[in-house]
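Engineer: Fold the following for me, if possible:
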Amino acid sequence: MGEDVRAFIRYNSRDERGLLEYLPKEIQSQIEVIPGDLMDPNGVRKAVRGCAKIFHLGALIAIPYSYVHPFDFVQANVVGTAHLLNACLDNEGLERIIHTSTSEVYGTAQYAPIDEKHPLQAQSPYAASKIAADKLAESYYLSFNLPLAILRPFNTFGPRQSLRAIIPTIISQAIGNQKILLGNVKPRRDFLFVNDTVQGFIKIGRCNEAIGKVVNIGTGRDLSIGELAKKIVELTGKGGKVEIEDRRFRPEKSEVMQLLADTRLAQKLFGWTPKYSLEDGLKETIEWYRKNLSRFKVGSYPL
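Structural biologist: Alright, predicted model coming up:
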């Protein structure tokens, strides 16, 4: 890997390390794993001590769950980010913090494609917590000169993603069932394959000109959930029929109807452009779920 790597993961008594466990053993052996929790400021301080570059991806991200327990999102996403930023103030040798945002902070597009100057709209408790975290990170750059950049990926997908996300929800049902249960099929999204998202993190982490800035990454193309389901059914070769299930709908005023990225700033600052087409990314993702479908509860609706 070339550099010492440290991973701060949420503690559990089963010593489970999430998706890190999918990595080859020789790579896992090069990662120092520190169990803890973003809610523990002392634990966070110990985790970041001596780190030159910090990629902050710790968050609660499931939008439906944010309607059920909104305060959890304030605690994890806002207070947890505050703990990280405060810990970084005392971290000598710190070169860069990459704070992870989300396209959900924009809400339904007021104009498209959406650039970084688009107004922020909190249409869910999740979006509100991420806006707060983003602005807190921005304030620490302005107030304390923390070397911080904010990366704002649009809808990332790929192998290993949980069924709370729309693409694995559709794929798993298309492969395993005769029907595909969905909520609102009209919203439009800009879907970004995970390999391209990772390259975005790597490139912004090396770009001095990105410090103090918010940068979008996406494909610049969108399609509706209904169109997405049709494409996945075609690629799987299955005959699944879409059925609408009311419990999968967001509250009416909370639904984000369009997210479409303007990525000119990412291109300008660090030469990032997506390499995967939607179809190529879907094919790779479908193949992984074909081989690993037994790991999932197909047809369930995880919050």
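Engineer: Helices of the stretch 201-303 of the chain, start to end?
Structural biologist: Ranges of helices in the stretch 201-303 of the chain, per DSSP state H, counting those that start in this stretch, are 225-236, 264-270, 278-292.
Engineer: Packing partners of the last one?
Structural biologist: To tie it back to what came earlier, the one meant is helix 278-292. helix 166-176, strand 191-193, helix 225-236 (3 or more C-beta pairs under 8 Å, 6 or more residues apart in numbering; DSSP states H and E). For every residue, glycine as well, the C-beta is placed using N, CA and C.
Engineer: Using JSON lines, lay out those together with mean pLDDT, distance to Pro274 and mean neighbour count.
Structural biologist: JSON lines is the format used below for the helices and strands packed on helix 278-292 (pLDDT from 0 to 100; distance: least, C-beta to C-beta, whole Å; neighbours: other C-beta atoms under 10 Å):
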{"stretch": "helix 166-176", "mean pLDDT": "94", "distance to Pro274": "16", "mean neighbour count": "24"}
{"stretch": "strand 191-193", "mean pLDDT": "98", "distance to Pro274": "6", "mean neighbour count": "24"}
{"stretch": "helix 225-236", "mean pLDDT": "96", "distance to Pro274": "17", "mean neighbour count": "18"}
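Engineer: out of the helices of the stretch 201-303 of the chain, nearest to Glu3?
Structural biologist: Nearest to Glu3, of all those, is helix 264-270, at 18.7 Å by C-beta to C-beta.
Engineer: hang on, the earlier thing: can you list the helices of the stretch 201-303 of the chain in a markdown table and add distance to Phe55?
Structural biologist: Converted to a markdown table, the helices of the stretch 201-303 of the chain look like this (distance: least, C-beta to C-beta, whole Å):
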| stretch | distance to Phe55 |
| --- | --- |
| helix 225-236 | 28 |
| helix 264-270 | 15 |
| helix 278-292 | 22 |
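Engineer: Flag the shaky bits of the protein, pLDDT-wise.
Structural biologist: 1-2 (pLDDT under 70).
Engineer: neighbours of the closest residue to Pro35 other than its chain neighbours, just the number please.
Structural biologist: Of all residues not flanking Pro35 in the chain, Tyr11 sits nearest, at 3.9 Å (C-beta to C-beta, 6 or more residues apart in numbering). Using other C-beta atoms under 10 Å, Tyr11 is surrounded by 13 other residues.
Engineer: quick one: Tyr11 and Asp90, what's the gap?
Structural biologist: Distance, Tyr11 to Asp90, using C-beta to C-beta, to the nearest Å: 22 Å.
Engineer: Likewise for Ile202?
Structural biologist: Per C-beta to C-beta, Ile202 is found 26 Å from Asp90.
Engineer: next one: Asn12
Structural biologist: 28 Å.
Engineer: do the same with Leu293
Structural biologist: Taken as C-beta to C-beta, the span from Leu293 to Asp90 is 46 Å.
Engineer: neighbour-wise, which of these two wins?
Structural biologist: The neighbour comparison of Leu293 against Asp90 (other C-beta under 10 Å) goes to Leu293, with 13 against 10.
Engineer: thought the more buried one was touching Ala174?
Structural biologist: No - counting by C-beta atoms under 8 Å, Leu293 stays clear of Ala174, with 10.6 Å between them.
Engineer: which neighbours do these two share?
Structural biologist: Taking C-beta atoms under 8 Å, 6 or more residues apart in numbering as the criterion, Leu293 and Ala174 do not both touch any residue.
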